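> missing the sequence, but the structure's below:
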Ligand SMILES: O=C(O)CCC(=O)C(=O)O
Ligand SMILES: [Fe+2]
């Protein structure tokens, strides 16, 4: 009998080895990241040095939060600084460069961001304000803050490897992350009902906006990454690898790389498990005033993801992200009476 071999592309799994200092080891890891990002814009990382307990406690905090009565969650509804509870049907990715999106995402989340004190000169400017915390949950805030700190450390180490992977000195991005814009989102996806329309997503196809995302997911599955034509098209399932993070390139890192690394569309479809899915993306973005100019020229035929009239050129992160938030989130009023959402 004739069998046809089908090669299913799979995301590379890269061991970060606890971020070694040795130059040859760093070159090896940076090379692996470069290959993965050129091919997929995504990879799975282990050896990131985030303690397993810190991660477990963050997932426990997320489950406890989402199990609260609705009115307790709504009491800390997302504020103008993008912090708090984002209820189901309040977000839809209308700015998606990927697909026509007609339905809100089937998800709810708690959003925490980088802390900004009242005495901080940035206080009150876009995205710079107080976090909101649920009143009744013991240990919730400490679990989330510990997770934030551990991920911030991992993200800074990883950023240095990314600079190296782009042929720059390890510390060349550091100055853009003195006051990073960070979104820590505790996401809950209820199962998509059997027989639901095909365009009802946990998270509709989208790209992330800023620099990079480190995502922890549970073992339910459902995250998919869009394959290129040369990979056979369609969607690649992201595997569940215990204690790993899924890392992806967002729009403005793609722009920084001159399109060498794509900002790859991805989506979440929780329609097979019949169970609730929990994930925690940590979006690690540059400070608001950062202006991103491609480090390398775009290759002929590669379309810039960002820039004036889609021409490669400088893009200010704060302008880029606020334009998207104002259009995607109904609480910001930008989308009229539609219920809106976004990727971060
Ligand atoms: O929950 C996931 O697995 C992915 C979430 C995501 O892509 C996002 O929030 O931008
Ligand atoms: Fe995303």
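Everything's here; your move. The structure displayed is predicted, hence computed values, not measured ones. Ligands and ions are numbered 1, 2, ... in the order given.
> What residues of the biggest helix by length in the chain count as buried?
Secondary structure of the chain per DSSP state H: the longest helix is helix 140-165. For helix 140-165, a neighbour-count test (16 or more other C-beta atoms under 10 Å) marks 140, 143-148, 150-152, 154-155, 157-165 as buried. C-betas here are computed from N, CA, C, even on glycine.
> Also stretch 165-174?
Buried-residue list, stretch 165-174, by 16+ other C-beta under 10 Å: 165-166, 170, 172-173.
> quick check, nearest of these to residue 89?
residue 173 (36.8 Å; C-beta to C-beta).
> wait, what's in contact with the closest one?
159-160, 162-163, 286 (C-beta atoms under 8 Å, 6 or more residues apart in numbering).
> same thing with residue 285?
Applying C-beta under 8 Å, 6+ apart, the residues near residue 285 are 180-183, 209-211, 250, 252, 317, 321.
> just checking, which of those residues belong to helices?
Filtering those for helices - DSSP H - leaves 252, 317, 321.
> As TSV, those with pLDDT would be great.
Converted to TSV, the ones in helices among the contacts of residue 285 look like this (pLDDT from 0 to 100):
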residue	pLDDT
252	97
317	97
321	94
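> which of the buried residues of stretch 165-174 lies closest to ligand 1?
Proximity of the buried residues of stretch 165-174 to ligand 1 was ranked by C-beta to the nearest ligand atom; the top entry is residue 173 with 21.1 Å.
> With residue 255 as the reference, measure out to the closest one.
Per C-beta to C-beta, to the nearest Å, residue 173 is found 13 Å from residue 255.
> Kindly report the same for residue 272.
The value you get for residue 272 to residue 255, if C-beta to C-beta is used, is 35 Å.
> So these two - more neighbours on which side?
residue 255 (27 against 11; other C-beta atoms under 10 Å).
> does the most centrally placed residue in the chain count as helix, strand or coil?
Residue closest to the average C-alpha location in the chain (C-alpha atoms, centre = their mean): residue 213, at 3.7 Å. Here residue 213 is recorded as strand under DSSP: H, G, I helix; E, B strand; the rest coil.
> show me what contacts it?
246-248, 250, 281-284, 344.
> Take the residues you listed and keep only those in strands.
246-248, 281-284 (DSSP state E).
> Dump the ones in helices among the contacts of residue 285 to TSV, plus neighbour count.
Shown next, in TSV, are the ones in helices among the contacts of residue 285 (neighbours: other C-beta atoms under 10 Å):
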residue	neighbour count
252	26
317	24
321	26
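> any idea which of those residues is closest to residue 130?
For the ones in helices among the contacts of residue 285, the nearest to residue 130 is residue 321 (19.2 Å; C-beta to C-beta).
> The stretch 151-300 of the chain: strands as residue ranges?
Ranges of strands in the stretch 151-300 of the chain, per DSSP state E, counting those that start in this stretch, are 181-189, 203-206, 212-217, 223-226, 235-237, 245-249, 266-268, 277-285, 291-292.
> Output the contacting helices and strands for the first one.
It refers to strand 181-189. Using 3 or more C-beta pairs under 8 Å, 6 or more residues apart in numbering; DSSP states H and E, the elements in contact with strand 181-189 are helix 52-66, strand 108-113, helix 140-165, strand 277-285, helix 317-328.
> Equivalent analysis for the last one, please.
Here strand 291-292 touches helix 251-256, strand 315-316, going by 3+ C-beta pairs under 8 Å, 6+ apart.
> List the strands paired with that strand, with their directions.
strand 315-316 (antiparallel) (DSSP bridges).
> what's the strand it pairs with in contact with?
So strand 315-316 is contacted by 252, 255, 289-293, 306-307 (C-beta under 8 Å, 6+ apart).
> Can you check the pLDDT for the residue of the stretch 151-300 of the chain found nearest ligand 2?
As assessed by C-beta to the ion, ligand 2 sits closest to residue 208 within the stretch 151-300 of the chain, at 4.5 Å. Per-residue confidence (pLDDT) for residue 208: 96.
> cool, and residue 344?
64.
> What of residue 97?
At residue 97, pLDDT is 62.
> returning to that earlier point: look at the residue of the stretch 151-300 of the chain closest to ligand 2 and say how many residues are nearby.
If you count neighbours by other C-beta under 10 Å, residue 208 ends up with 27.
> wait, isn't it in contact with residue 250?
Yes. Under the criterion of C-beta atoms under 8 Å, residue 208 makes contact with residue 250 at 3.8 Å.
> what is in contact with those two at once?
Joint contacts of residue 208 and residue 250 (C-beta under 8 Å, 6+ apart) are 263, 283.
> May I see the PyMOL selection of the buried members of the contacts of residue 213?
Of the contacts of residue 213, the buried ones can be selected in PyMOL as follows, counting by 16+ other C-beta under 10 Å:
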select buried, resi 246+247+248+250+281+282+283+284+344
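> any chance of the contacts of residue 213 in CSV, plus distance to ligand 2?
Below are those laid out as CSV (distance: C-beta to the ion, whole Å):
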residue, distance to ligand 2
246, 10
247, 12
248, 7
250, 8
281, 6
282, 11
283, 8
284, 13
344, 7
